[in-house]
Every structure is written in C-alpha cells, then in structure tokens.
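Enquirer: here is the input, now give the coordinates:
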Amino acid sequence: MPGGRLTQAERQQIALGLADDLAYAEIARRLDRPTSTITREVDRNGGPTAYRADLAHRATERRAHRRKAAPRGQGAPALGHGRDDEAVREYEEAFTTLMMGQGLPKMTARVLTCLFIADAGSLTASELAAHLQVSPASVSKAIAFLESQGLIRRERDERRRERYFVDEDVWYQSTIAGARGIAQVAQTARQGVSVLGRDTLAAARLENIARFSDFISESMLRAAEQAREVLHTKPETTPNDTAQPSPDHG
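Expert: Prediction:
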C-alpha cells in the first residue's frame, strides 16, 4: 500500500470518484490507500460536494510550506486559548479552500477566513498582512471586494487605526445583499422584454429569467429573516468577559 502524501493525479481520481457518487472506501480501494486518508483529504478540503482536486493540492502545498517557514512576523494575531495551532491552521486552509470553491479569489478567501476565525471578529490591515504573510496592498484589494459584497465593515479604533469586522450576522447581511443582486437581475431582464418586443423568443426568455429571479430573491429574503430570528445565537459570556449583575434577593 503506497504511503506519503497524495499526488495531484490521485486527487483528480478522488474528485472523479466523488462526482460518480462513489463511497470513500471504494475510492480508497481504487487508489490503494486507507479509507481514513480519503476521508481526511475530502473533509479538510470542502467536503464531498465542494472538493476540487487543484484547490486541494494547492492547499496541501501551502500547509507544507508554512510548516517549514519561519514563525509569523510581529503583529500576527496569536491563536492562543490552548488550541492546537496546527489544527487551527489546517482548518483555516480548509475553510479558505471552500471559499475559493464558492468563487472567491484566493486572497479574498484568505482574508475572509482570517476574520471569521479571529475571536474578536476584527483585525487591522497590518495584523492581516502579518498573519497571512502578504503585502498590505494585497489585503487592501481583498478588503475592498469584501466590503462591496456586504461581508465586512470597517471602523477606526481608539488609536485611529482602521479595523475590519465581520458581524455576528455576517451571513445574513451577505444573503440579503445576494437577494438584492438577484432582484436587480430580474429588473434588468424585465427591461429587455419591452426593448426586444413581448412577442419575441428573446423576450419570453428574459421574462422567464425575471420571474425566476423575483421568486428566488423574495424566497431568500423571507428565509434569511426567519433564519436570523430562529437560529441566530450569541456566544456565551463568562465572568471574565463581562461583569454579571448580582442576583436580586428582594
């Protein structure tokens, strides 16, 4: 049975197997690998529906490079809290790979993931650059894109530094922005109906796009509101986080 890291060719075979709905055990048998190897590979790279061979291979190479690299520079946010640093880094890579599979550019995905896993939910540009070991210009470009999508916001702290935040309801805000974008598609498609003439095939096609987009947009807005009301949770506080009021004994 071969050992060592998976090759890019093997990862392509895994992707093909997942596309054919093969079980992990069957994929492992065809590659002469342990089933646990396939399970870990898929789980850390987006899961069976989002797994991409090329993204998984690049993520593995980045992890290997980081293990050999020098410690992160001064200003990089510490993982701390008794966590397994290597496990956190692997999770960060897996989430980044997932976001890339959803269509985000690489650096944008890295910045967003970094903010997601920061306990405070906010970092400065210098902290992001130090953690990701990239230039401030790269961070700035990613920040601009994430702001345009409603995924983050910026504020100045007491030292007048810009800090970038992901709010507790960031996915709600992103969903609302997405729904509004789809509604804009409906509006633009419907404008084409009058321009091209209602009795044309093109107009019929655009009308179908508009009706579909309207339905999806309205459904997303309703679902987002319901989900936030029912499912949204806030992190528990401890005595060290906030001062708790004393019980009222009358």
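Enquirer: remind me what the host helix or strand of Ala202 packs against, helices and strands.
Expert: For Ala202, the enclosing helix or strand under DSSP states H and E is helix 201-231. Counting contacts by 3 or more C-beta pairs under 8 Å, 6 or more residues apart in numbering; DSSP states H and E, helix 201-231 is packed against helix 170-196. For glycine as for every other residue, the C-beta is placed from the backbone atoms N, C-alpha and C.
Enquirer: what is the orientation angle of the helix it packs on with helix 201-231?
Expert: Helix 170-196 and helix 201-231 are oriented at 160 degrees to each other (axes from the mean of the first three to the mean of the last three C-alpha atoms, to 10 degrees).
Enquirer: who are the packing partners of helix 170-196?
Expert: Partner elements for helix 170-196 (3+ C-beta pairs under 8 Å, 6+ apart): helix 201-231.
Enquirer: where's the residue sitting nearest the centre point of the chain relative to Glu93, distance?
Expert: The chain has Met99 as the residue nearest its centroid, 3.8 Å off, counting by C-alpha atoms, centre = their mean. In this view, Met99 and Glu93 are 11 Å apart by C-beta to C-beta, to the nearest Å.
Enquirer: can you map out the helices along the chain?
Expert: Assigned by DSSP state H, the helices in the chain fall at 8-19, 24-31, 35-43, 53-68, 85-101, 106-117, 125-132, 136-148, 170-196, 201-231.
Enquirer: buried residues, the fifth one. List them.
Expert: Using 16 or more other C-beta atoms under 10 Å as the test for burial, helix 85-101 gives Glu90, Glu92, Glu93, Ala94, Phe95, Thr96, Thr97, Leu98, Met99, Met100, Gly101.
Enquirer: quick check: angle from it to helix 35-43?
Expert: Angular relation of helix 85-101 and helix 35-43 on a 0 to 180 degree scale: 60 degrees, by the same axes, to 10 degrees.
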